[in-house]
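Enquirer: can't give you the sequence, but here's the structure:
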DNA sequence: CACCCCATATGATCTCGATCATACGGGGTA
DNA sequence: TACCCCGTATGATCGAGATCATATGGGGTG
């Protein structure tokens, strides 16, 4: 849900390819662009003066990242490809030039970010639920549509497990338990909530 | 860090007071405004057709919420005060009128949201760290400034515990263990990282 | 001053999710 | 066809964090 795969890359945007462990930018570099990951995986990490580093984010295909660079002079973290990746480079200069001509451009940006904020907050809230089955259930309910509510899965359970912060084993078990208890019904990629 | 307490409320924005359990808006209501919580606490919750509900977010003072309403016709969740609260109401109409005259207004909004996205992603990433002491340490490193890195605490450890998704007991214990191991030093509200 | 609330702090116990191990089946490929 | 990888699935065990209980000290209030 961070992803927005349908969006057309801006015509002016350029594609850049990265090999594994290649550096896209470094903390302190002039903030010249924001990015959209097309494929692969990119780590964003900040480090303290004494060498320790903290992973701030792992970007996945479809996500934009380093949006905050729009409003900063320099990047505040490193971006390093963990796997061969392709990123769309959206130059700040282009974007900001557009803004003055056409406010609609910023609105588009704001819209994407508003969606992200909502999504990220919901994900965080879900992680406050400790019990595995309750957590999974909350996730399913968020994704569910229709009456009776049901979810059309667009990913593997392993990916679901990662997203909700459980091991895949815990997730499969919760799934089995809920199915046995008749609280959900699984039909292929379709999950029906009772 | 979601907060932006320094920001001036827009001149056109109005203040509204809510009592505990008062409804600010309901899922399906026309999306007329976005909000900033000045004091108190507001729950955002979505419910499925069959009555179950999921907490999507708990807004805290200084935060804006329901930003996504800017780009939707109706609200997609309920907002209910959990305690007596004050919210600044920023009417969508006003905001969008501004946009056409002055793109700078949206840029301000985009800036706040970009910061939020970064912050929320970092929080989520921290919760992927399972060990309590490592999690706490990562949080401290993110907050730390200077060399040697140190943190000036602006909240209680209980609040820290909530933010990083641990019980206060686990947090105090991790704190003690790390202090005993000489990995941190605590001097009042100041925490020094070794 | 006496009182109370709350943040801080630590002990004891228990539960549940992490971890390790193993298995199976389907889809893709050599 | 045979092979392998990966997603799905489940058992056994362990340990870390949740939970419950209790204590202390400081700050604010009547």
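Expert: Great, that's in hand. In this text, all values refer to a predicted model and were calculated from it rather than measured experimentally.

Enquirer: correct me, but residue A:114 touches residue B:66?
Expert: No: the criterion here is CB atoms under 8 Å, and residue A:114 misses it with residue B:66 at 9.2 Å. Bear in mind the C-beta positions are built from the backbone N, C-alpha and C, glycine included.

Enquirer: so those two - more neighbours on which side?
Expert: residue B:66 (27 against 24; other CB atoms under 10 Å in any protein chain shown).

Enquirer: what about that one, distance to DNA strand C?
Expert: Taken as CB to the nearest atom of the strand, to the nearest Å, the spacing of residue B:66 relative to DNA strand C amounts to 27 Å.

Enquirer: what residues does chain A put near DNA strand C?
Expert: Contact residues, chain A versus DNA strand C (CB under 7 Å from any atom of the strand): A:130, A:131, A:132, A:133, A:165, A:166, A:167, A:169, A:170, A:174.

Enquirer: for those residues, which one is nearest chain B?
Expert: Out of these, the one with the shortest distance to chain B is residue A:165. That distance is 6.0 Å, counting by CB to the nearest CB.

Enquirer: and the spatially closest residue to the closest one that is not a sequence neighbour, what does it touch?
Expert: When the adjacent residues along the chain are set aside, residue A:165 lies closest to residue A:127, with 5.1 Å between them (CB to CB, 6 or more residues apart in numbering or on different chains). Shown in contact with residue A:127 (CB atoms under 8 Å, 6 or more residues apart in numbering or on different chains): A:135, A:164, A:165, B:124, B:127, B:165.

Enquirer: got it, and residue A:183?
Expert: Under the criterion of CB under 8 Å, 6+ apart, the contact partners of residue A:183 comprise A:137, A:193, A:194.

Enquirer: kindly reformat the contacts of residue A:127 as a markdown table containing secondary structure and distance to DNA strand D.
Expert: Written out in a markdown table, the entries for the contacts of residue A:127 read as follows (DSSP: H, G, I helix; E, B strand; the rest coil; distance: CB to the nearest atom of the strand, whole Å):
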| residue | secondary structure | distance to DNA strand D |
| --- | --- | --- |
| A:135 | helix | 13 |
| A:164 | helix | 13 |
| A:165 | coil | 12 |
| B:124 | helix | 16 |
| B:127 | helix | 10 |
| B:165 | coil | 7 |
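
Enquirer: and the two most separated of those?
Expert: With CB to CB as the measure, no two of these lie farther apart than A:135 and B:124, at 14.1 Å.

Enquirer: have a look at chain A and report the helix or strand with the lowest mean pLDDT.
Expert: For chain A, the helix or strand with the lowest mean confidence is helix A:92-101, at a mean of 78 (criterion: mean pLDDT, DSSP states H and E).

Enquirer: what's that helix packed up against?
Expert: With contacts taken as 3 or more CB pairs under 8 Å, 6 or more residues apart in numbering or on different chains; DSSP states H and E, helix A:92-101 sits against strand A:33-39, helix A:103-127, helix B:103-127.

Enquirer: one more pass at 6 Å, please.
Expert: Judged by 3 or more CB pairs under 6 Å, 6 or more residues apart in numbering or on different chains; DSSP states H and E, helix A:92-101 is in contact with helix A:103-127.
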